[in-house]
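*Asks:* sequence first, predicted model second:
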Amino acid sequence: MTATRIRRAVGISVGLALTTLFVAPAAAQPSINSELISDLNTSLLYAAVPITVLVELILIYTVYRFKDSGEAKPTQENRRLEITWTVATAIILLFVGLASTQVLASSYIAGTTADSPSAEGGNVEGLSKNVSGAYAPTEDNAIQIEAVAYKYAWTFNYIDSQGDVSSTNTLVIPEDRPVYLHLVSNDWLHSFHAPDLGLKQDAFPGQYNTMKTKVTEPGTYQLYCAEYCGVGHSQMTGTIEVKSQSEYQSWLDEQRSGGAGNTTGNASNGTATNNQTATNNQTAAANESTNASARLA
């Protein structure tokens, strides 16, 4: 393979990588977050495939071409070739950097920015804790929900509900509206994770983390705690129900008019169930340890 052919192959690979900037993935995603992540992964994949193919072809050619050589020969200097692959590498790295920066700079991926910070959590009206880290929305039609994590459940307080509306382990949000989730923990580290929606953010005690999303497809999505938090960690699950705007408003009205008490009751029952489960798990672990000690004795 001559130097000219290698330069041409490198040029074709770089060209294919650059065209991915203008290629939109066909698969629809249910949220802005997952769409941004999927687009970035697809673009990087399109860039990586031609580079991988080129490297493998050069490797195969080299093995075949020099398989019968009995003595290694010194490499001859080729300034044009060196300049070509240096420039090609720089262009590829620039493409990866620009594509990644466009996604990571988005408020849907990076979380809250300094556009509208509140020095204290209490400055965002309706939050239950006066700690730092919460950011107010920048959009007029955005809604705010406080997500409080504890062993081993989630409580969601709907700040803009014009009343005391909360739910446990079921987050209800409207479609096609920005949603700001103010995450905080009552005890230790937890993590809010909804993989189908591209959402993942830690919940710390004594600090709010504000996560932004907008879901475009109604439906029910799975919610997990993605940070090990104790014996009941595997049962710290929930759901995210995405409703149309009219259904979401009807749900809020129902909670205010009498369902709120039921929701609170469900929260208490959920907490009691989780606590009982944790107690049972701890008892089982203690019994197992005792049995193991007896067997060793």
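*Replies:* Structure received. Source: prediction; values computed, not measured.

*Asks:* just checking, next helix/strand downstream of the host helix or strand of Gln222?
*Replies:* Gln222 is part of strand 219-225, with elements assigned from DSSP states H and E. Using DSSP H and E, the helix or strand that follows strand 219-225 towards the C-terminus is strand 237-243.

*Asks:* tell me the contacts of Trp154?
*Replies:* For Trp154, the contact set (Cβ atoms under 8 Å, 6 or more residues apart in numbering) comprises Ala147, Val148, Thr168, Asn169, Leu171, Phe192, Leu223, Cys225, Met236, Gly238. For glycine as for every other residue, the C-beta is placed from the backbone atoms N, C-alpha and C.

*Asks:* same thing with Glu125?
*Replies:* Going by Cβ under 8 Å, 6+ apart, the list of residues near Glu125 reads Ile159.

*Asks:* so, low pLDDT: which residues of the stretch 1-150 of the chain?
*Replies:* Applying pLDDT under 70 to the stretch 1-150 of the chain flags residues 1-27, 112-123.

*Asks:* which one in this structure is furthest away from the centre?
*Replies:* Distance from the C-alpha centroid of the chain, by Cα atoms, centre = their mean, peaks at Gly70 (53.9 Å).

*Asks:* can you pull out the strands in the stretch 101-250 of the chain?
*Replies:* For the stretch 101-250 of the chain, the strands defined by DSSP state E, counting those that start in this stretch occupy 143-150, 153-158, 166-168, 170-174, 179-185, 190-194, 199-203, 209-213, 219-225, 237-243.

*Asks:* the fifth one vs strand 190-194, what angle?
*Replies:* Here strand 179-185 points in a direction 150 degrees away from that of strand 190-194 (axes from the mean of the first three to the mean of the last three Cα atoms, to 10 degrees).

*Asks:* same check on the longest one?
*Replies:* Inter-element angle recorded for strand 143-150 and strand 190-194: 130 degrees (by the same axes, to 10 degrees).

*Asks:* now for strand 143-150, which elements pack on it?
*Replies:* When contacts are defined as 3 or more Cβ pairs under 8 Å, 6 or more residues apart in numbering; DSSP states H and E, strand 143-150 packs onto strand 153-158, strand 170-174, strand 179-185, strand 190-194.

*Asks:* can you give me the buried ones in it?
*Replies:* Within strand 143-150, the residues that qualify as buried are Ile143, Gln144, Ile145, Glu146, Ala147, Val148, Ala149, Tyr150, counting by 16 or more other Cβ atoms under 10 Å.

*Asks:* out of these, who's nearest Ile92?
*Replies:* Minimum distance to Ile92 across the buried residues of strand 143-150 is 39.7 Å, recorded for Ala147 (Cβ to Cβ).

*Asks:* wait, the closest one touches Thr170, no?
*Replies:* No: assessed by Cβ atoms under 8 Å, Ala147 is found out of contact with Thr170, at 11.7 Å.

*Asks:* one step back: right, and the helices and strands packed on strand 143-150 - which one's nearest Ala99?
*Replies:* Minimum separation from Ala99 across these (Cβ to Cβ) falls at strand 190-194, 24.1 Å.

*Asks:* could you give the angle of the closest one to strand 153-158?
*Replies:* With the same axes, to 10 degrees as the basis, strand 190-194 and strand 153-158 are set at 70 degrees to each other.

*Asks:* gap between strand 190-194 and the chain center?
*Replies:* The offset between the C-alpha centroid of strand 190-194 and the centroid of the whole chain comes to 9 Å, using Cα atoms, centre = their mean, to the nearest Å.
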